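S.K.: Need a 3D model of the following:
(chains A, B, C and D)
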Number of protein chains: 4
Amino acid sequence: MKEKINVGIIGATGMVGQYFITLLENHPWFTVSFVAASGRSAGKMYKEAVAGRWHMNQDIPADTGNLIVADAMDVCKTKGKCSLVFSAIKLDQQATMELENRYAAEDFIVVSNNSAHRGTSDVPVLIPEVNFHHLDIIPAQRKHYGFQKGLIVVKPNCSIQSYMTPVYALIKAGYTIDRLLVTTLQAISGAGHPGVSSLDIIDNTLPLPGEEIKSETEPMKIFGSVMGDHIEPDTSIKISAHCNRVPVIHGHIACVNIGFQGEKPTVQEIIHIWNSFSSLPQELGLPSAPVKPVIYRGEDDRPQPRIDRDTENGMTVTTGRLRDCPVFDYKFLGLHHNIIRGAAGGAVLIAELLKAKGFM
Amino acid sequence: MKEKINVGIIGATGMVGQYFITLLENHPWFTVSFVAASGRSAGKMYKEAVAGRWHMNQDIPADTGNLIVADAMDVCKTKGKCSLVFSAIKLDQQATMELENRYAAEDFIVVSNNSAHRGTSDVPVLIPEVNFHHLDIIPAQRKHYGFQKGLIVVKPNCSIQSYMTPVYALIKAGYTIDRLLVTTLQAISGAGHPGVSSLDIIDNTLPLPGEEIKSETEPMKIFGSVMGDHIEPDTSIKISAHCNRVPVIHGHIACVNIGFQGEKPTVQEIIHIWNSFSSLPQELGLPSAPVKPVIYRGEDDRPQPRIDRDTENGMTVTTGRLRDCPVFDYKFLGLHHNIIRGAAGGAVLIAELLKAKGFM
Amino acid sequence: MKEKINVGIIGATGMVGQYFITLLENHPWFTVSFVAASGRSAGKMYKEAVAGRWHMNQDIPADTGNLIVADAMDVCKTKGKCSLVFSAIKLDQQATMELENRYAAEDFIVVSNNSAHRGTSDVPVLIPEVNFHHLDIIPAQRKHYGFQKGLIVVKPNCSIQSYMTPVYALIKAGYTIDRLLVTTLQAISGAGHPGVSSLDIIDNTLPLPGEEIKSETEPMKIFGSVMGDHIEPDTSIKISAHCNRVPVIHGHIACVNIGFQGEKPTVQEIIHIWNSFSSLPQELGLPSAPVKPVIYRGEDDRPQPRIDRDTENGMTVTTGRLRDCPVFDYKFLGLHHNIIRGAAGGAVLIAELLKAKGFM
Amino acid sequence: MKEKINVGIIGATGMVGQYFITLLENHPWFTVSFVAASGRSAGKMYKEAVAGRWHMNQDIPADTGNLIVADAMDVCKTKGKCSLVFSAIKLDQQATMELENRYAAEDFIVVSNNSAHRGTSDVPVLIPEVNFHHLDIIPAQRKHYGFQKGLIVVKPNCSIQSYMTPVYALIKAGYTIDRLLVTTLQAISGAGHPGVSSLDIIDNTLPLPGEEIKSETEPMKIFGSVMGDHIEPDTSIKISAHCNRVPVIHGHIACVNIGFQGEKPTVQEIIHIWNSFSSLPQELGLPSAPVKPVIYRGEDDRPQPRIDRDTENGMTVTTGRLRDCPVFDYKFLGLHHNIIRGAAGGAVLIAELLKAKGFM
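M.R.: The predicted structure follows:
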């Protein structure tokens, strides 16, 4: 791969945008050639646009810092500047959908961090290790919207990613799950910056009603099947979620109770399934794919957000404390880095998958 | 009530001991006349024994500060110094049981904050609003151990008190609950002082395996019945618990999923049941009894530990976010102040109940 | 005092506004009869205007909750609704000054929490225990602006109030201070709500350049003298400040190095001066005046924000760790509750002083 | 360098010991061949000895995990197992000195993280970039104690390392400093594990009297000169320190006021001196030496502990906010990672210096 592929970031000045820029520095396949944001930042050099609100420990990559920020709304001016855009812009749902559609209509591959298109029946909500086959919907999507080379793929909400891959690994191994009861302890970075006021969260926790709806509906679509022109959700798993914000910087914990229909695996089988789980991103050797998408830790005081969130550069889901449940079959804990695996890193992995599968 | 009753505190130098002293300052019925601790503190004035490790915002009450700390093991020397002792001493389970038995054998009413006796079949684990009738076991207990005037009552683990009273209120209203799935977010003060290392909990959460066992067994005893010489647990409710430590100073949150057998109340009925719940401590007008043992808050961002924990001096359980559950019947949140209602304040309320019921 | 005086709050929906409302509930002299805010809140009932952003532990006082929020800009419509307004509105400096002037021109007593007028030479920056005599400027102020019954008084920045009263107590006792070197550890509530992003401050501290300028200039005015038509700053004390934000909810710590000119008191004398300090608010028995404006704690691990901030309802400055300084004369720590003494509570005390001195 | 040098860690199970093990994994010169701790851990495999209290994000290096923990007191049994020991054991001062002496007497190079020997006049307190020439005392030290190949070097307290190198850079550039006024905001990891109770530090700060004495005396020794058989402290700089603990995990901030005698540099000169400062560790290319021992950040909201502590693997001191001081000449902020540069990393750098200078 001699020449790198130019990629752009829409909403480049926000926290997730900054993570994209940091993760893509020195990426073997992609190079950031384009940054766009709201009109307020447009026309400034990127490093000026984020002065005083750059939140990464690493400094701004020099090349990116010198890019001129485009107005995200000027889609037509973007033509030729990159092949793929990561969308992390903060607009209302309708405006986000329209903007992402416009980019796709202009032949851009759109990998979105936004929730707007998650409910669109022909837009895949992708966890590359879980439902890569949902890319089969792309021809129908293109036909529906009239996209030529463009397409739209979104990543799911971060609240569900601490357990979706572990649960999928069990399904892939042949078991049928029919009940999931989940309570999350979610990190503040999930709300972006400035996001959660320190006055609201120090020495406190907060209920997160809005996250619960996403947590109960998105898994059905991800576990669903491509049926002609749409993805048909799998409604055979009943899911109930409690979501909470806790004073943790990065790393969402999920406390999961799981029930099987029919035969159920033993504790040792589940641990083996998780530790040996591998999927298409691993087979394809995608640059951001973790060697182990799921690991199980045997210590009874793990996972912990601060200690485990950075495993395999924040791309691995860490599970632990698998044990019998007096009400369902089993209980366990899951953890993932909500900004890496759950947002920017997960989107980069999707882009890599799209590249490897020949979509650009 | 002209003359106050003398009470003592065993384990008076620890954090719960300090809460007892603070809560009992200016108590209308009780006066702290005796403090005991380990041999290291024995012989010192109380204010010297806690110098550099007094954790309360209020200063040490002057009278208590000047008491000479007794050696908790010298039970016989305690005779005549008080009628009731609050036990908050940190020993292993066997040693705690033996010591509490010795105090009861010397005619002391023992109200214990320790877990040691919670599994003893003729020792009530008391939430005064819920199972006050378990005091009926006392004659059998006295007979069994040969106590004359002495007796032992313990308070339950703090991890369960965010939902036990709300759940009991529904049972009392005639509904049958058969499933409870609980995930807790527990405050650091539940581990005492020094307790949780700051290096372990800032920007982090911790699993709490030990709390889960207590959470799944103690409710059965509390909902049980006095059957001759023992309290027979109610095993008709299946309970599963996930317990977590979070960086909150005081106030345990419980995320609860609840299932009914047979008829179930509506959301509005449950809210009405909770807001109008009252029990024996309220009828007796016990000094520490909250007017409302349970309140329901309608805001969708409540309860929150820092805002709600001090309701009615920390003695009220705050519920909120009652809603349908896709897997069980309902979901809700509960919160209580783990050191007031869940420890020292709950124990003082037990002592008041014992006084009002004529046990001293 | 049969009838209470009606007071209003301009900027009533913000965090300091909420503190005013909470502190004034059941105030013996004042009753909140008027609330105003920006146009967005105008016309709503107060309880609706703050729904989802009421940050106090106590619920909204019922009477205040039912007040209709006025538009703060409609000064003329406010006439007759109250005699005094507390100004806590967030506008830019120029707009704040103009608005406060308009209220004063309409005969309102204006007690401001804002910084806008702190540099105005005929507007007193008042700490009631320190420079109550600056009220002598009011006739000149009224003449200058053409106020009839109206007047404007402001409270100083919270960053300086952990040491201003202790330092003044030494000046009042006859000592001359010529150098002050101060480093503050300031709580997040000083920035209001939403204020400091949790992502910026958890596991972190932040420099506060803007607070340093205020810290080095406001003391000179407060220690200054009324000279005809203006307050002449006292420039004889050199002051240097480092200001830092720390992850503490309420309570600013100041680490102070102090140098005397001429005779200096002993450590014991200073402690005695502080513990016995009393001033006009104490003599007048103002309702919000603490019995002890300054206390000295002898423990070497005090003051601490969480333990000491609420002393005397948050109105007392707590000092500690007075010791020799190898470079200046002495070092000590000061602490005050930045939202009570340092903002809303300090402003209420000013209002009480104005009432007691016959200004309304 | 074909063959690596065997090194040991005394006090290997504590937090600093764990940092040594983590930092030395894959070290180009050293390999951990020996671990010792108190009698409680002796005889266990290292991974068992730290089970449940391993605090690093990285897992225990496999080779080290399988080492059998020796009893730190059995010095004679250590012979031949390594050439150098890092001492991080927690004993009282007298016992620490005796133990370190015994290791040196047995021909071990002892690099100590403990404070015990810091006051010993012929033991260098070393910051390799600052006072490497203090190694000239080693012959006298060996003679005094009768060490043959052994020797003892200690690293200074972490509280001073946020400004010692920046201050030294100015001295090296030819300027004379006569006054330093320092206030620190110190991270919790400085107290080790379990160290600071979470109940003491969440939503709080704590005075640190014990750190202040070290902060005012150690710099004099470090800036001192080898005079025959001892290091003569430089008492020409007056230093005064306030030390505070804040709820930050790693990274000590120092707020510094500095006064010069005679000519003083301009702000631009100081920034240039810092950014271009280099010393012996850089010239020798020591593996742990940062390229830039000091960097200056121009943003007015830096340094911040969480963002800047890991600069150059935690070995760089970050300065910022250099500005005029109304009382002294200048003010600035300094920051260093207290566990890397300030403890384990600094000690490893000392060991590298000793190796490069031919002491082993």
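S.K.: The residue in the stretch 101-250 of chain A positioned nearest to chain D: how many residues sit nearby?
M.R.: Among all residues of the stretch 101-250 of chain A, residue A:203 sits closest to chain D, at 4.9 Å; criterion: CB to the nearest CB. To be clear about C-beta, it is placed using only N, CA and C from the backbone, and glycine gets the same treatment. Other residues lying near residue A:203 total 24 when counted by other CB atoms under 10 Å in any protein chain shown.
S.K.: Put the alpha carbons of the lowest-mean-pLDDT helix or strand in chain A into PDB.
M.R.: Ranking every helix and strand in chain A by mean pLDDT, DSSP states H and E puts helix A:75-78 at the bottom, with a mean of 88. Output for helix A:75-78, consisting of C-alpha atoms alone and laid out as PDB, is shown next (Å, rounded to 0.1, in the frame of the first residue of the first chain):
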ATOM      1  CA  VAL A  75     -20.200  19.700   0.900                       C
ATOM      2  CA  CYS A  76     -19.600  20.500  -2.700                       C
ATOM      3  CA  LYS A  77     -16.300  22.200  -1.900                       C
ATOM      4  CA  THR A  78     -15.100  19.000  -0.300                       C
END
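S.K.: so after that helix, what's the next helix or strand?
M.R.: Toward the C-terminus, helix A:75-78 is succeeded by strand A:84-87 as the next helix or strand (DSSP states H and E).
S.K.: my guess is the residue of the stretch 101-250 of chain A closest to chain D meets residue D:199, correct?
M.R.: No - Residue A:203 lies out of contact with residue D:199 (CB atoms under 8 Å); the separation is 11.2 Å.
S.K.: Overlap in contacts, these two.
M.R.: The overlap between the contact sets of residue A:203 and residue D:199 (CB atoms under 8 Å, 6 or more residues apart in numbering or on different chains) consists of residue B:249.
S.K.: Next one, pLDDT for residue A:80 please.
M.R.: The confidence metric pLDDT takes the value 89 at residue A:80.
S.K.: which phi and psi does it have?
M.R.: For residue A:80, the backbone dihedrals are phi 90, psi -10 (criterion: degrees, to the nearest 10).
S.K.: Kindly report the same for residue A:205.
M.R.: phi -130, psi 160.
S.K.: try residue A:225
M.R.: On the backbone of residue A:225 - angles per degrees, to the nearest 10 - the values are phi -130, psi 150.
S.K.: where's it relative to residue A:131, distance?
M.R.: Here the distance between residue A:225 and residue A:131 works out to 9 Å (CB to CB, to the nearest Å).
S.K.: Have a look at these two and say which one is more surrounded.
M.R.: Counting neighbours by other CB under 10 Å for residue A:225 and for residue A:131 shows that residue A:131 has the greater number, 22 against 13.
S.K.: tell me how far the one helix or strand the more buried one maps to is from the chain's mean position?
M.R.: Under the criterion of DSSP H and E, residue A:131 resides in helix A:128-131. Taking the mean C-alpha point of helix A:128-131 and that of its whole chain, the gap between them comes to 11 Å (CA atoms, centre = their mean, to the nearest Å).
S.K.: Kindly report the same for stretch A:31-49.
M.R.: From the chain centre to the centre of stretch A:31-49 is a distance of 23 Å (CA atoms, centre = their mean).
S.K.: from the stretch 1-150 of chain A, which residue is nearest to chain D?
M.R.: Each residue of the stretch 1-150 of chain A has a distance to chain D, by CB to the nearest CB, and the smallest belongs to residue A:57, at 5.4 Å.
S.K.: Give me the domain ranges for chain A.
M.R.: The domain map for chain A lists A:5-158+A:343-356, A:159-336, with the assignment taken from automatic domain parsing.
S.K.: Buried ones in the least confident helix or strand of chain A, by neighbour count?
M.R.: Judged by neighbour count using 16 or more other CB atoms under 10 Å in any protein chain shown, the buried positions of helix A:75-78 are A:75, A:78.
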